[in-house]
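Chemist: Model the structure of this input:
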Amino acid sequence: MNLTNKLICLLSYYLLVTEVFPQGQSYTLINGDINNSFLSRSIYNISTFTPLKKNSSAGVLDSIICINTNGNRVRITYNYNDDLSLNYFINADWYNGEWINAEKHTNTYNSEGKLISVLWESFNSTTKEWQQSGKDIFNYDSLKNRINYLYQVYNGQEFINELSYEYCYSTTNNVISSLVKVWNNSRWVNVSKAININSNTN
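Modeler: Alright, predicted model coming up:
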């Protein structure tokens, strides 16, 4: 799957999970420029398009197909738990007239329904098996605000730290700062910090 296809599909996924999880997984485009050579259209296979909410009786999004003007196609299919929380989604590439699985993300929730981990797996087309590749881990404070996001990669034997985001909140539960760290030589190294301030404490 090329970078453009991945970014389109991750953006589509982001638009979905922001409805389901207000503090859901977020992916940032590295290059925010719009390039007309990568125009795309999306096909939504849905019964009725309504925002996904837990215990909703409305139709849910089954899949998204992203089609680039160069003909490349990427499909994301979704699987849900009984309460309509997202269980997992699978990315697949269209190749030689069939969909070839590429990547799978599986969510885990705590007893309050908060997303606490996402397992990343890549598909081995030779063995036809899913293989672990990474993991997202989320932690929350007593007010259910996400205070930490940790990304780990799987080295074939264990998950090792790679990236961490730490969030601080105001008394009104708005994010006032975020700190980014990378794992280097068995220790966390600060990379960047953002501070959010305005007169309305938003």
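Chemist: what does stretch 156-165 rub up against?
Modeler: If you take CB atoms under 8 Å, 6 or more residues apart in numbering as the criterion, stretch 156-165 is touched by 132, 134-135, 148-154, 178-183, 188. C-beta coordinates here come from the backbone N, C-alpha and C atoms, glycine included.
Chemist: buried sites along that stretch?
Modeler: 159, 161, 163-165 (16 or more other CB atoms under 10 Å).
Chemist: and which of those residues is nearest Val60?
Modeler: In terms of CB to CB, no member of those lies closer to Val60 than Tyr165, at 29.0 Å.
Chemist: and the helix or strand encompassing Tyr78, what other elements does it pack with?
Modeler: Assessed by DSSP states H and E, Tyr78 sits inside strand 73-80. Applying 3 or more CB pairs under 8 Å, 6 or more residues apart in numbering; DSSP states H and E, one finds that strand 73-80 contacts helix 3-20, strand 63-68, strand 86-95.
Chemist: Identify the neighbouring strands of it in the sheet and state each direction.
Modeler: Strand 73-80 has its sheet partners listed here by DSSP bridges as strand 63-68 (antiparallel), strand 86-95 (antiparallel).
Chemist: Grab the CA positions of that strand and hand them over as PDB.
Modeler: The C-alpha trace of strand 73-80 is given here as PDB (Å, rounded to 0.1, in the frame of the first residue of the first chain):
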ATOM      1  CA  ARG A  73      -7.900   1.000  -4.600                       C
ATOM      2  CA  VAL A  74      -7.800   0.500  -0.900                       C
ATOM      3  CA  ARG A  75     -10.600  -0.900   1.200                       C
ATOM      4  CA  ILE A  76     -11.300  -0.600   5.000                       C
ATOM      5  CA  THR A  77     -13.800  -3.000   6.400                       C
ATOM      6  CA  TYR A  78     -15.200  -2.600   9.900                       C
ATOM      7  CA  ASN A  79     -16.300  -5.200  12.600                       C
ATOM      8  CA  TYR A  80     -18.300  -4.100  15.600                       C
END
